[in-house]
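**Q** could you work out the structure for the sequence below:
(one chain, ligands or ions: 1)
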Amino acid sequence: MGLFSRHNDRPSEQAVLQALATVQEPELGGDLVSRKMIKNLVIDGDTVRFAVELTTPACPLKDQIQRECEEALETIAGIPRNRVSIEFTAQVRPRGGIPEQVAIPGVNHVVAVSAGKGGVGKSTVAVNLAVALAREGAQVGLLDADVYGPSVPLMMGVRSQQPEAVSGPDGEPRMLPIEAHGIKMMSIGFLIDDRQPVIWRGPMVSQLLRQFLYQVLWAPLDYLIIDMPPGTGDIALTLAQSLQNAGLTGVVTVTTPQQVATADVLKSMEMFRKVNVPLLGIIENMAYFIAPDTGKRYDIFGSGGAARLAGQLGIPLLGQIPLGLSIREGGDHGQPAVLSNEPDAYADVFREVARKLAARISVMEYA
Ligand SMILES: Nc1ncnc2c1ncn2[C@@H]1O[C@H](COP(=O)(O)OP(=O)(O)OP(=O)(O)O)[C@@H](O)[C@H]1O
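**A** Numbering: from 1, shown residues only. Next up, the predicted model:
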């Protein structure tokens, strides 16, 4: 049987699907048709329209998939590129694949961002990742659990806001998250006076975290990013354990090149491993500096350490973020660097890291 209907050169649905069945999902394996990723196929005269349903809107391989679909349709089904219209949609599958089993109803993935020590840029990375994922089209929340220095309100430009108490769908009291830059947020900083020193003990923090996880109207979310307190002390451990109970998808560790070889980073990873939290990857922050006048790269704090550590642990290095004035200024002014609409190397790095992280989560759920 020919690939085209007999009476005109209108392609048949079968021909289109045969061609698309030769296109592999680059990361998950299997072809697009048997993975049921082709949706809403319409043959309209000599034009073929369909959607490719991805596993995350932040898929790093959209361009590759588009190119390979167009190539297959052209070479196998004889449909020229200008007659093909592809739309990308996404359906993030909940952790474990079963919506009823996620610990926070309507929240598909909870991802912790941790660091072995303070000051490595953990909050900066958490904020930019959250905003990058939202800009890719994901529904994102950001929970600032860093009791030692809640910096999310400042970095997101919502410092003076107070969350509103409302009645939830079950009539119980709930908190409305604060919204900015397309994401929902909750922070310890919204509830305490940041000029007053607060002495937290593990049980108080885990109770507050439970309230933040279960009594904030987060849903629906694809990703809830948690900015963890740094280190491996009592509070970080208690939080890691209660997050594990809340169905944590995994943890990302932020390190700097100087920190990477220190015991703190390994201890922090070990802590998560002990409570059975998957390590999603390492992000190296302040990895290098590009001189704005000459464009020359300087590895101020050395290089290669994070890649080595990732190799030793068998987890991916999700990215290397340079030192950048706009990153620091963006943090201070509530305008995360990744929001830049201008061509911006710093924003691009954060976008790439966010896509890699989303892909890693997809691979965990779908492969
Ligand atoms: N890549 C970067 N380039 C320039 N400045 C950065 C970068 N990353 C972080 N900073 C700056 O470093 C300072 C510390 O960053 P941040 O608050 O994110 O660290 P942290 O690890 O969350 O610290 P803590 O755990 O103490 O809260 C901030 O002023 C931030 O703007």
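
**Q** from now on I want contacts and neighbour counts done on CA atoms only, so please keep to that.
**A** Will do.

**Q** how many residues are close by Lys296?
**A** When counting by other Cα atoms under 10 Å, one arrives at 9 neighbours for Lys296.

**Q** no no, Thr75
**A** Neighbours around Thr75, by other Cα under 10 Å: 11.

**Q** what's the pLDDT at it?
**A** Here the pLDDT value assigned to Thr75 is 94.

**Q** quick check: it is in a strand.
**A** No: membership of Thr75 in a strand is not supported by DSSP: H, G, I helix; E, B strand; the rest coil, which gives helix.

**Q** please enumerate the strands of this structure.
**A** 38-44, 47-54, 84-90, 107-115, 140-144, 165-167, 173-175, 178-180, 183-187, 221-227, 248-255, 279-290, 297-298, 317-323 (DSSP state E).

**Q** the ones you listed: which one's closest to the ligand?
**A** Nearest to the ligand among the strands of the chain is strand 317-323; the distance by Cα to the nearest ligand atom comes to 3.5 Å.

**Q** for that closest one, which strands pair with it and how are they oriented?
**A** strand 279-290 (parallel) (DSSP bridges).

**Q** show residues contacting the partner strand.
**A** Defining contact as Cα atoms under 8 Å, 6 or more residues apart in numbering, one finds that strand 279-290 is touched by 120-121, 125, 250-257, 269, 272-273, 296-301, 303, 306, 310, 315-324, 357, 360-361.

**Q** does the ligand sit close to that strand?
**A** Yes: interface with the ligand: strand 279-290 contributes Asn285, Met286 (Cα under 6 Å from any ligand atom).

**Q** could you check the angle strand 248-255 makes with that strand?
**A** Orientation check (axes from the mean of the first three to the mean of the last three Cα atoms, to 10 degrees): strand 279-290 against strand 248-255 gives 30 degrees.

**Q** using CSV, write out every CA atom in strand 279-290.
**A** Taking Å, rounded to 0.1, in the frame of the first residue of the first chain, the C-alpha atoms of strand 279-290 are listed here in CSV:
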residue,chain,number,x,y,z
LEU,A,279,20.8,12.7,44.3
LEU,A,280,19.7,14.5,41.1
GLY,A,281,23.0,16.2,40.4
ILE,A,282,25.6,18.8,41.3
ILE,A,283,25.6,22.5,40.3
GLU,A,284,28.9,24.3,40.4
ASN,A,285,28.4,28.0,41.2
MET,A,286,30.9,30.8,40.8
ALA,A,287,32.7,28.3,38.6
TYR,A,288,34.6,30.8,36.5
PHE,A,289,34.6,34.5,35.6
ILE,A,290,34.4,36.0,32.1
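
**Q** and the angle from that strand to strand 107-115?
**A** Per the same axes, to 10 degrees, the angle that strand 279-290 makes with strand 107-115 is 50 degrees.

**Q** show me what counts as buried in strand 279-290.
**A** Neighbour counts using 16 or more other Cα atoms under 10 Å place Leu279, Leu280, Gly281, Ile282, Ile283, Glu284, Asn285, Met286, Ala287, Tyr288, Phe289 of strand 279-290 among the buried residues.

**Q** in CSV, list those along with pLDDT.
**A** Shown next, in CSV, are the buried residues of strand 279-290 (pLDDT from 0 to 100):
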residue, pLDDT
Leu279, 94
Leu280, 96
Gly281, 96
Ile282, 95
Ile283, 96
Glu284, 95
Asn285, 96
Met286, 94
Ala287, 94
Tyr288, 94
Phe289, 93
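
**Q** circling back: of the strands of the chain, which is nearest Ile65?
**A** strand 47-54 (8.8 Å; Cα to Cα).

**Q** tell me which strands that closest one pairs with, and in which orientation.
**A** Take DSSP bridges as the rule and strand 47-54 pairs in its sheet with strand 38-44 (antiparallel), strand 84-90 (parallel).

**Q** tell me the spacing between the residue lying closest to Gln258 once chain neighbours are set aside and the ligand.
**A** Spatial nearest neighbour of Gln258, chain neighbours left out: Phe301 (5.9 Å); criterion: Cα to Cα, 6 or more residues apart in numbering. When distance is defined by Cα to the nearest ligand atom, to the nearest Å, Phe301 is 13 Å away from the ligand.
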